[in-house]
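In: pasting a predicted model and its sequence here:
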Amino acid sequence: RKVTISVIKADIGSIAGHHKVHPDTMAAAARVLAEAKRKGVIIDFYVTHVGDDLQLIMTHRKGVDSPEIHELAWNAFKKAAEVAKELGLYAAGQDLLSDAFSGNIRGLGPGVAEMEIVERPSEPIVIFMADKTEPGAFNLPLFRAFADPFTTAGLVIDPRMHDGFRFQILDLYEGRMIELNAPEEMYDILALIGDPTRYVIKRIFRKTDGEIAAVVSSERLNLIAGRYVGKDDPVAIARVQHGFPALGEILEPFAFPHLVPGWMRGSHWGPLMPVGLRDARCTRFDGPPRVIALGFQVTKGRLIGPVDLFEDVAFDETRRLAQQIAEYMRRHGPFMPHRLHAEEMEYTTLPDVLKKLEGRWKKVEGPEAREIGKRERKESAEVQE
Ligand code: F6R
Ligand code: MG
Ligand code: MG
């Protein structure tokens, strides 16, 4: 019997700036889901948050992309947004891009990660939720957990994993998708996902039997809306143990606080800091980007848990290193590579700022023009070759 795990998230407003979800909005969303559970629409649910993102974790029998489940999530966000508006919370309703629901929540603002599975006799899963970053933030840790034998001993030791995994990768710029196999095509995979602003791991399947292992939300709001409307803070679901990475193998890559795009105004590179729920908030320079990991057992569709996996001294050193990296990056102020390349910035308002200078540029003439011209000539020569 199949069960679907749906994690749907949205920023519907937060307290004292883009900092943290207000408990009353979580309660409003939980009431909607509790009613749906009572009616049998969903089997179980858990409502949580990371930073300013409200997270709905649901289990049900309706498959992925179910209009009924998406509408339920939409209604929960609507109710939460009403409370946010009533409380005057900051950016109330920001991720609800549309006024009307039209059958599928995708493209309307909220982020979605869903997988339909046949429950194993024991089905442990981990749900990762990040704030102040974007879907590509999961590229490095998921690659390492599912393709790097220095991270995941099971790739070497466990016969069920030894054939490797298939990676489904999205090209967010061109709206296309490719599937590549690890370990055979590992270098091709890296050639793509090493650019996390453009290529995003969407799903991972076990090669031996095609079982789904992981899924990531891939919404990029600014690409959808064409302007700044909020961050595309991602979520991911991963199955663990017994033919998938062990719990400790899926968590291991997060012990390295790698640099991710996002942070302040969605426009800066910063370290991804793994934290427990208590620290799932954004303060320093609206960050640093944070990720939480909640572990559950899915048992006949019920969500047993959660356990707060990064709430552990074992990640203290990672957090300390993340703080040091945060300090180092911050000292660059508005300079790249702390600041994102203009094309990758979530705020598309920088051109407006630069427009003011338009009339003030002067053509460079004389000997100095030749100096500048050199580069131009070189480029055009290369093009002609
Ligand atoms: C980034 C984010 C925050 C805001 C920042 C500015 O995803 O949510 O860093 O971009 O707090 O907010 P505004 O533009 O509302 O002043
Ligand atoms: Mg926000
Ligand atoms: Mg956020």
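Out: Perfect, thanks for sending it. Numbers count the residues shown, from 1 in each chain. Ligands and ions are numbered 1, 2, ... in the order given.
In: name the helix or strand for Asp316, please.
Out: When elements are assigned from DSSP states H and E, Asp316 belongs to helix 316-330.
In: which helices and strands does the helix or strand just after that helix pack with?
Out: Counting by DSSP H and E, the next helix or strand C-terminal to helix 316-330 is helix 350-355. On a contact count with 3 or more Cβ pairs under 8 Å, 6 or more residues apart in numbering; DSSP states H and E, helix 350-355 meets no helix or strand. Heads up, the C-betas are built off the backbone N, CA and C, glycines and all.
In: give me the residues contacting helix 350-355.
Out: Ala342 (Cβ atoms under 8 Å, 6 or more residues apart in numbering).
In: extract the C-alpha set from that helix and format it as PDB.
Out: In PDB, the C-alpha atoms belonging to helix 350-355 read as follows (Å, rounded to 0.1, in the frame of the first residue of the first chain):
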ATOM      1  CA  LEU A 350      20.200  46.600  -8.400                       C
ATOM      2  CA  PRO A 351      19.700  47.700 -12.100                       C
ATOM      3  CA  ASP A 352      17.300  50.400 -10.800                       C
ATOM      4  CA  VAL A 353      20.100  51.700  -8.500                       C
ATOM      5  CA  LEU A 354      22.600  51.700 -11.400                       C
ATOM      6  CA  LYS A 355      20.100  53.500 -13.700                       C
END
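In: for the helix holding Asp316, buried residues please.
Out: Buried positions in helix 316-330, judged by neighbour count with 16 or more other Cβ atoms under 10 Å: Thr318, Arg319, Ala322, Ile325, Ala326, Met329, Arg330.
In: kindly report the same for stretch 96-103.
Out: Leu96, Leu97, Phe101.
In: cool, and stretch 187-198?
Out: Going by 16+ other Cβ under 10 Å, stretch 187-198 has these buried residues: Ile189, Leu190, Leu192, Ile193, Pro196, Thr197, Arg198.
In: and the residues you listed, which of them are in strands?
Out: Residues of those located in strands (DSSP state E): none.
In: need the contact list for the residue in the stretch 51-200 of the chain that ligand 2 sits nearest to.
Out: The minimum distance from the stretch 51-200 of the chain to ligand 2, using Cβ to the ion, falls at Asp52 (4.2 Å). With contact set as Cβ under 8 Å, 6+ apart, Asp52 has these partners: Asp11, Gly13, Ser14, His18, His19, Lys20, Val21, Ala91, Asp131, Cys282.
In: for ligand 1, state which of those residues is nearest.
Out: Of all the contacts of Asp52, His18 has the smallest distance to ligand 1: 3.4 Å, by Cβ to the nearest ligand atom.
In: name the nearest residue to the closest one, sequence neighbours excluded.
Out: Spatial nearest neighbour of His18, chain neighbours left out: Asp52 (4.8 Å); criterion: Cβ to Cβ, 6 or more residues apart in numbering.
In: Arg203 too?
Out: Gln168 (4.2 Å).
In: isn't the one you found up against Gly210?
Out: No. Gln168 is beyond contact range of Gly210, at 11.6 Å (criterion: Cβ atoms under 8 Å).
In: pick out whichever of these two has more residues nearby.
Out: Gln168 (18 against 8; other Cβ atoms under 10 Å).
In: give the helix, strand or coil label for that one.
Out: With DSSP: H, G, I helix; E, B strand; the rest coil as the basis, Gln168 sits in strand.
In: for it, give me its contacts.
Out: Gln168 neighbours (Cβ under 8 Å, 6+ apart): Met177, Ile178, Glu179, Ile201, Lys202, Arg203, Ile204, Phe205.
In: for this protein, what's the longest helix?
Out: Using DSSP state H, we find that the single longest helix of the chain is helix 67-86.
In: which elements pack onto that one?
Out: So helix 67-86, by 3+ Cβ pairs under 8 Å, 6+ apart, packs with strand 2-10, helix 23-38, strand 53-60.
In: any chance of the ones you listed in JSON lines, with mean neighbour count, distance to Ala113 and mean pLDDT too?
Out: Conversion of those to JSON lines gives the following (neighbours: other Cβ atoms under 10 Å; distance: least, Cβ to Cβ, whole Å; pLDDT from 0 to 100):
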{"stretch": "strand 2-10", "mean neighbour count": "24", "distance to Ala113": "5", "mean pLDDT": "97"}
{"stretch": "helix 23-38", "mean neighbour count": "18", "distance to Ala113": "17", "mean pLDDT": "98"}
{"stretch": "strand 53-60", "mean neighbour count": "26", "distance to Ala113": "10", "mean pLDDT": "98"}
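In: out of those, flag the one nearest Leu303.
Out: strand 53-60 (5.9 Å; Cβ to Cβ).
In: so what strands line up beside that closest one?
Out: strand 2-10 (antiparallel), strand 44-50 (antiparallel) (DSSP bridges).
In: got CSV for those, with distance to Ile157 too?
Out: Shown next, in CSV, are the strands paired with strand 53-60 (distance: least, Cβ to Cβ, whole Å):
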stretch, distance to Ile157
strand 2-10, 27
strand 44-50, 33
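In: include distance to ligand 3 when you put the ones you listed into CSV, please.
Out: Formatted as CSV, these follow (distance: least, Cβ to the ion, whole Å):
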stretch, distance to ligand 3
strand 2-10, 9
strand 44-50, 8
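In: tell me which of the ones you listed lies nearest to Tyr173.
Out: Each of those has some distance to Tyr173 by Cβ to Cβ; the shortest is strand 2-10, at 23.2 Å.
In: separation between the residue nearest to Arg203 and Gly276?
Out: 31 Å (Cβ to Cβ, to the nearest Å).
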